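K.L.:
predicted model follows, preceded by the sequence.
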Amino acid sequence: MKRSGGTDAEKRRAGERAAAAVSDGDVVGLGTGSTAAAAIRALGRRVDSGLDARAIPTSHQSRALAREAGIPLLTLEEATPDLAIDGADRIAIPDRDGSPVLIKGGGAAHTREKLVDSAAERFLVVADSTKLTDCLDSPVPVEVLPDAVPVVERRLSALGGDPTLRAAERKDGPVVTDNGNLVIDCAFGPVDDPDSLAADIAALPGVLDHGLFVGLADVVYVGTDDGVDVYRSGD
Ligand SMILES: O=C(CO)[C@H](O)[C@H](O)COP(=O)(O)O
C-alpha cells in the first residue's frame, strides 16, 4: 500500500503530545509507523530524563526503536498497557457522539496493533493532518494466512470488495508480515457501515485481522502547521 506523506513536523508534534500524556509508572503500547516512531523517540527522551515508563511494542520496528530510545520493554504476558499510542492511515471523526473510526495497516502491523491498542485502557492516536477524512474509502488491509489467500480473496469480492495482494517494494513477491502472513488490501469504495464491514471481514476463515478500528480510539492528536488538534471520543 502506498504510504502517505504528511510533514515530519506534524508527525513530531502529534507524537510529542501523546508522549507527554504518559505518567510515571505507566505501561505504554507502542504502535508502528513514522508518527508512532516520533512518539517513541519523544517517550525515550522522557525516560532518559527520569520518567518511569515501560512499553509493549507492536512490531519489530517499534521494538527496535524502543530499545534504541532506552525504553524498557515488556510483553502482554507480563503487563496490560495503561495506554497505547499508535498511528493511522485514515481517520474519520464522527459528527456526533461516538468514537473515531480508523483504517490502519499501511505498515502491515495492524493485527498486533489491534491486540495491543484494544488491550490498553486508553488508546491515543497520533497522525499528521493528511490522515483526516470525511469519507473512509481507502482500501482495508487484511492479514491472511498464506494458504487462505485465494479463498479470502473470493469471499472479499463477494462482500463487494476489490482485493489486491500487497506486493513488497524491495523484494520480489508479496509483503510478509511480522507474523509470517500475507496482506490483502481490499477496496470497498466509501465504507458507510464500518461496524458491519468489520464484523463481516473478521468472520472469514483464514483472516487474522483487518485494519478497520471501530470503537477503539479514545483520543486523536493531529499535528498541524503550528500545533496539535485534539479530538476526543464522544466529544
Ligand atoms: O497502521 C500502521 C502500521 O500498520 C501505521 O500506524 C499507519 O500506517 C500510519 O503510519 P504513518 O504514521 O507512518 O503514516
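P.N.:
Yep, that arrived. None of these values were measured; they are calculated from a predicted model.
K.L.:
mind listing the helices for this protein?
P.N.:
For the chain, the helices defined by DSSP state H cover 8-19, 34-48, 60-69, 110-119, 149-158, 194-202.
K.L.:
okay, the angle between the longest one and helix 110-119?
P.N.:
This points to helix 34-48. Helix 34-48 and helix 110-119 meet at an angle of 50 degrees, taking axes from the mean of the first three to the mean of the last three CA atoms, to 10 degrees as the criterion.
K.L.:
what residues of stretch 72-92 count as buried?
P.N.:
Residues of stretch 72-92 classed as buried: 81, 82, 83, 84, 85, 86, 87, 88, 89, 90, 91, 92 (neighbour count, 16 or more other CB atoms under 10 Å). From N, CA and C alone the C-beta is placed, and that goes for glycine too.
K.L.:
try stretch 150-170
P.N.:
In stretch 150-170, counting by 16+ other CB under 10 Å, buried: 152, 153, 155, 156, 161, 163, 166.
K.L.:
dump the residues you listed to JSON lines, plus pLDDT and distance to the ligand.
P.N.:
Output for those, formatted as JSON lines (pLDDT from 0 to 100; distance: CB to the nearest ligand atom, whole Å):
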{"residue": "152", "pLDDT": "98", "distance to the ligand": "19"}
{"residue": "153", "pLDDT": "98", "distance to the ligand": "20"}
{"residue": "155", "pLDDT": "98", "distance to the ligand": "22"}
{"residue": "156", "pLDDT": "98", "distance to the ligand": "19"}
{"residue": "161", "pLDDT": "98", "distance to the ligand": "19"}
{"residue": "163", "pLDDT": "98", "distance to the ligand": "18"}
{"residue": "166", "pLDDT": "98", "distance to the ligand": "11"}
